[in-house]
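Asks: I'll drop the sequence and a predicted model, then ask my questions.
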Amino acid sequence: MHPRHGRRRTRNCISGRTMAYSPAQDTLTHPGAEVLTSSEVSRLQALQAFNAKLVCMNVDDSSYQEVINGLHRVLGYDACALLLADPETGDLVLKASHGYPDLDPGLRLSSDDPISVHAQAYSEEYLVNIDNLFTAVGCKPLDKSFGSNLILPISGNRGPLGVIDFASRAVETFDAREISMCSMLVDQLTYSLENMRLVGELSSSRDAVIRGMALLAEIRDNHIKGHLNRICAYAGYLAGCLQERPGFREVTPAFIEMIQRAAALHDVGKVGIPDSILLKPGKLTEAEFGVMRSHTVLGAELLEDLMADFGSYGMIIMGRDVARYHHEWWDGNGYPAGVAGLDIPLSARIVAITDVYDALTSKRVYKDAWSFEDTKAEMVSKSGIQFDPELLEIFLAKPRNLERIAKKYPD
């Protein structure tokens, strides 16, 4: 059996109809004699509640998984997946799924693949309904172990955004009533999905601007892009090592992803340090060193002002903590506030280690790069004094991993 294709009607042709619920009949009716059962009414009510939640949802990659989890709760199909178009390549990229155990998290489908049912639904803005995957030929679903499959295009104001995939273990699951319900759901979700996509694009642009500020500070301090990239990569690596360890509940995938960006802001306050001090070739006087140390407070205040003007943002909140506290010492003898131990934010304790490690192992005009052995000896001598001893031990435990990062981001 071949897939059945059908052009989706105007997006609000179903959800825009006037309907009335009849308790006596336990159905929902509207002019045109279509009837919804009480079970379907419950699904619609669940959809409305879920859609209201979407409006208030924080926008990040985890939002897409919440969308799919919500679809599963509302509709109850065995599997569903969300694929959105990559604006650069046109590929359909898997953003989230439920019930598909063997999907590659990085799955990409070419929108030009002639036998991909998802490419057909996306590029032609057709729904694709496969009644029986076991006997279907000439098509390529996500998983042929399911019985039936429905793929609906997501059409936004700027054109198609991607597709939503529904699958059932049973054959012939998606009759006209089920397709209407799914279409209604996708129509109501389209606005939220398009908004999430747009905010994601804005977030990427905002990150680029902020990273540019951080890079400017590094360039003024005679550092170059490799230094910034390495610190971010080292910070993400160390955070990843903590994820499964007891005592680090805050280290989630979102934390790891965020610190790889926020670490770039550790020295952003140096944009406010005069060149006569920042670029001085000789030793700083006590007064000059006091000005240099103020870059921690300047950086934090700069980021706080940014949030005051444009709103709070997770990466900036973490970046503010990193900027303010990354020169604090474990024993309380750091600056600017003399904070000690676990009172120093974890993000700042991580960056404190990665910043010093990269400074020691990198070549500068005034010194050669230190070997790993010499760097380890120096940093271990300050374990429990300058550095969090547990974090330092974990960070230095696998030097080959650190070497790979250094080679990936050379000066």
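Replies: Nice, thanks for sending it over.

Asks: what about the helices in the stretch 51-200 of the chain?
Replies: 61-75, 117-124, 176-220 (DSSP state H, counting those that start in this stretch).

Asks: Out of those helices, which gets the lowest mean score?
Replies: With a mean of 68, helix 176-220 has the lowest mean pLDDT of the helices of the stretch 51-200 of the chain.

Asks: buried residues in the following helix or strand past that helix?
Replies: Remark: after helix 176-220, the chain's next helix or strand is helix 225-242, criterion DSSP states H and E. Within helix 225-242, the residues scored as buried using 16 or more other CB atoms under 10 Å are 226-242. No exception for glycine: its C-beta is placed from N, CA and C like everyone else's.

Asks: Same check on stretch 125-141?
Replies: Buried residues in stretch 125-141 (16+ other CB under 10 Å): Glu125, Tyr126, Leu127, Val128, Asn129, Ile130, Asp131, Leu133, Ala136, Cys139, Pro141.

Asks: tell me the phi and psi of Ala359?
Replies: phi -60, psi -40 (degrees, to the nearest 10).

Asks: That one: neighbour count?
Replies: 15 (other CB atoms under 10 Å).

Asks: hang on, Tyr313 packs against Met307?
Replies: Yes: proximity of Tyr313 to Met307 meets the contact threshold set by CB atoms under 8 Å, at 6.6 Å.

Asks: intersection of neighbour lists for those two?
Replies: Here Tyr313 and Met307 have no joint contacts, going by CB atoms under 8 Å, 6 or more residues apart in numbering.

Asks: From the buried residues of stretch 125-141, which land in strands?
Replies: Among the buried residues of stretch 125-141, the residues falling in strands (DSSP state E) are Tyr126, Leu127, Val128, Asn129, Ile130.

Asks: where does the protein have low pLDDT?
Replies: Residue ranges of the chain with pLDDT under 70: 1-36, 40, 44, 47-48, 50-62, 191-192, 194-225, 309-312, 365.

Asks: how is the protein carved up into domains?
Replies: 4-197, 221-408 (automatic domain parsing).

Asks: Check the offset of the longest one from the chain's centre.
Replies: In this case it means domain 4-197. 22 Å (CA atoms, centre = their mean, to the nearest Å).

Asks: And for the last one?
Replies: A distance of 22 Å separates the centroid of the chain from that of domain 221-408, by CA atoms, centre = their mean.

Asks: what ranges do the strands span in the stretch 1-150 of the chain?
Replies: In the stretch 1-150 of the chain, the strands defined using DSSP state E, counting those that start in this stretch lie at 4-7, 20-22, 27-29, 35-37, 79-85, 92-98, 108-109, 126-130, 148-156.

Asks: can you list the residues that contact stretch 402-411?
Replies: Contacts of stretch 402-411 (CB under 8 Å, 6+ apart): 224, 226-227, 229-230, 233-234, 237, 357, 361-363, 372, 395-396.

Asks: Give me the nearest residue to Lys144, chain neighbours excluded.
Replies: Leu133 (5.5 Å; CB to CB, 6 or more residues apart in numbering).

Asks: residues in contact with the one you found?
Replies: So Leu133 contacts Pro141, Lys144, Phe146, Gly147, Ser148, Asn149, Val171 (CB under 8 Å, 6+ apart).

Asks: if we go to 10 Å?
Replies: 1, 3, 117, 139, 141, 143-149, 167-168, 171 (CB atoms under 10 Å, 6 or more residues apart in numbering).

Asks: what's the answer for Ile394, then?
Replies: Ile394 neighbours (CB under 10 Å, 6+ apart): Tyr237, Leu238, Cys241, Leu242, Arg245, Ile353, Asp388.

Asks: same thing with Trp329?
Replies: 335, 338-341, 344, 352, 382, 384-388.

Asks: now do Ser383
Replies: Trp330, Ile353, Pro389, Glu390, Leu391, Leu392, Glu393, Leu396.

Asks: Looking at these, which are in strands?
Replies: Among the contacts of Ser383, no member lies in strands (by DSSP E).

Asks: if we can go back for a sec, closest one to Asp113 out of the buried residues of stretch 125-141, please.
Replies: Cys139 (10.5 Å; CB to CB).

Asks: I'd say Gly247 and Glu390 touch.
Replies: Yes: Gly247 is within contact range of Glu390, at 8.3 Å (criterion: CB atoms under 10 Å).

Asks: the more surrounded of the two?
Replies: Glu390 (15 against 9).

Asks: So the more buried one sits against Leu396, correct?
Replies: No: applying CB under 10 Å as the test, Glu390 and Leu396 come out as separate, 11.5 Å apart.

Asks: Quickly note the distance from Val128 to Leu109.
Replies: 13 Å (CB to CB, to the nearest Å).

Asks: Sticking with Ser276, tell me its helix or strand.
Replies: Here Ser276 is assigned to helix 275-278, by DSSP H and E.

Asks: buried stuff in that helix?
Replies: So for helix 275-278, counting by 16+ other CB under 10 Å, buried means Ile277, Leu278.
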